[in-house]
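*Asks:* no sequence for this one, just the structure:
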């Protein structure tokens, strides 16, 4: 039995070696690359066959974020307007209009927003905090970053509200999280993108931003990956 096991192991190694050399001969020009990071919890990624073996030094200054707005209400049956009116919402420069009749309730408003504003996530929850207005309407942009590629904070917003609903005016809305572009420091300059996966910076290389760390410099290396199925 031991002899059979040993023979099987030797046979597997021989076949693996033959497979490796055959693959190397048939695909001599093909290469597989990997992206190795010194701080993978901060920044990681991968490389394709179009990559070159090279080294990058990157600081992750900021992650791209989803813009979030908040409004408060008393109950689902609260009327949001005493007269016919509209809630106009601009999402990344695309305009939507939600008409509501006099006496329309908060529940009807939420249903209309969920149906019309497909680019936004509409969430309602009750704080049970004992306040006069315990319900929260949370409006979240499904996409990250700034629509206008403005790098800094406080420059522009992705969502704009204009309301003629008598009980739900513009003042009812407040932004709790600003949608910001990601920012990395590389090659002596700041680089901004609207997502945390960056694929258009270096040919064949995709960077994945995992956490903000403006203090430490991550070293990323594109290396030739010679691993094969036999070695795994």
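*Replies:* Yep, that arrived. Source: prediction; values computed, not measured.
*Asks:* Mind jotting down where the helices sit in this structure?
*Replies:* All helices of the chain, identified by DSSP state H, fall at 2-26, 106-116.
*Asks:* Give me the mean pLDDT for the longest one.
*Replies:* Over the span of helix 2-26, the pLDDT mean works out to 50.
*Asks:* just the last one next, same as before
*Replies:* Per-region confidence: helix 106-116 scores 96 on mean pLDDT.
*Asks:* Would you mind listing the buried residues in it?
*Replies:* 106, 108, 109, 110, 112, 113 (16 or more other Cβ atoms under 10 Å). In short, each C-beta sits where N, CA and C put it, glycine included.
*Asks:* Do I have it right that the fourth one meets residue 123?
*Replies:* No - if you go by Cβ atoms under 8 Å, residue 110 and residue 123 don't touch, sitting 9.3 Å apart.
*Asks:* tell me, what's touching the two both at once?
*Replies:* Counting by Cβ atoms under 8 Å, 6 or more residues apart in numbering, the shared contacts of residue 110 and residue 123 are residue 137.
*Asks:* Make sure residue 160 is actually in contact with residue 87.
*Replies:* No - here residue 160 lies out of contact with residue 87, judged by Cβ under 8 Å, at a distance of 11.5 Å.
*Asks:* more crowded one of those two?
*Replies:* residue 87 (23 against 16; other Cβ atoms under 10 Å).
*Asks:* check contacts around that one.
*Replies:* 97, 98, 100, 109, 113, 161, 162, 163, 164, 165, 168.
*Asks:* any idea how far residue 200 is from it?
*Replies:* Distance, residue 87 to residue 200, by Cβ to Cβ, to the nearest Å: 36 Å.
*Asks:* Quickly list what residue 71 is bridged to.
*Replies:* Following DSSP bridges, residue 71 is listed with bridge partners residue 137.
*Asks:* What is the burial count for it?
*Replies:* Residue 71: 20 neighbours (other Cβ under 10 Å).
*Asks:* Mind pulling up the pLDDT for it?
*Replies:* 93.
*Asks:* can you check residue 151 too?
*Replies:* For residue 151, pLDDT reads 61.
*Asks:* next one: residue 155
*Replies:* Predicted confidence (pLDDT) for residue 155: 66.
*Asks:* Please report how far residue 140 lies from residue 105.
*Replies:* 22 Å.
*Asks:* right, and residue 207 touches residue 60 too?
*Replies:* No - counting by Cβ under 8 Å, residue 207 stays clear of residue 60, with 9.1 Å between them.
*Asks:* neighbour-wise, which of those two wins?
*Replies:* More crowded of residue 207 and residue 60, by other Cβ under 10 Å: residue 207, with 27 against 24.
*Asks:* Run through the residues that contact that one.
*Replies:* 43, 44, 45, 58, 184, 197, 198, 199, 201, 220.
*Asks:* Thank you kindly, that will do.
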